[in-house]
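Chemist: Kindly return the folded structure for what I paste below:
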Amino acid sequence: MTVHRIFRVVGAALAGAVNATDEAVPPADPREVRALLAEVGLLRPGAFDAQVSQALRRFQARAGLPVDGVAGPRTVHALTRYAREARHLRSLGVAA
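Modeler: Predicted coordinates for the structure are as follows:
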């Protein structure tokens, strides 16, 4: 995942976190969410939408987030952080 893609995902999450209005936050890019879920080992390439929702629910439960299967700002932010940590552990030679 490129730095640009990470900033896009994090930017969307931060925009939702600081949005003071009642307007809905635009959804995260599904390709980015799939890539992050794959990076943390919760989704295989080519997964169906139902599998993405299940993977999101598993991630949310593990991360202590409300479990709804939706890639909202808090979920995307946490998923981005977990993916970054997994990448760092792999760079150190530690299984993530």
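
Chemist: and the gap between residue 77 and residue 63?
Modeler: 10 Å (CB to CB, to the nearest Å). For every residue, glycine as well, the C-beta is placed using N, CA and C.

Chemist: more neighbours, those two?
Modeler: Taking neighbours as other CB atoms under 10 Å, residue 77 and residue 63 compare with residue 77 leading, 20 against 15.

Chemist: Can you check the pLDDT for that one?
Modeler: Note on residue 77: pLDDT of 91.

Chemist: The one 3 residues further on now?
Modeler: In the prediction, the pLDDT value recorded for residue 80 is 91.

Chemist: list the buried ones in the helix or strand harbouring it?
Modeler: For residue 80, the host element (DSSP states H and E) is helix 73-91. Judged by neighbour count using 16 or more other CB atoms under 10 Å, the buried positions of helix 73-91 are 73, 75-80, 82-84, 86.

Chemist: got it, and stretch 48-65?
Modeler: So for stretch 48-65, counting by 16+ other CB under 10 Å, buried means 52, 55-60, 65.

Chemist: Need these in JSON lines (columns: secondary structure).
Modeler: JSON lines is the format used below for those (DSSP: H, G, I helix; E, B strand; the rest coil):
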{"residue": "52", "secondary structure": "helix"}
{"residue": "55", "secondary structure": "helix"}
{"residue": "56", "secondary structure": "helix"}
{"residue": "57", "secondary structure": "helix"}
{"residue": "58", "secondary structure": "helix"}
{"residue": "59", "secondary structure": "helix"}
{"residue": "60", "secondary structure": "helix"}
{"residue": "65", "secondary structure": "coil"}
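
Chemist: would JSON lines of the residues you listed with distance to residue 46 and pLDDT be doable?
Modeler: As requested, these are exported to JSON lines (distance: CB to CB, whole Å; pLDDT from 0 to 100):
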{"residue": "52", "distance to residue 46": "11", "pLDDT": "93"}
{"residue": "55", "distance to residue 46": "13", "pLDDT": "95"}
{"residue": "56", "distance to residue 46": "17", "pLDDT": "95"}
{"residue": "57", "distance to residue 46": "19", "pLDDT": "96"}
{"residue": "58", "distance to residue 46": "18", "pLDDT": "95"}
{"residue": "59", "distance to residue 46": "19", "pLDDT": "96"}
{"residue": "60", "distance to residue 46": "22", "pLDDT": "95"}
{"residue": "65", "distance to residue 46": "26", "pLDDT": "95"}
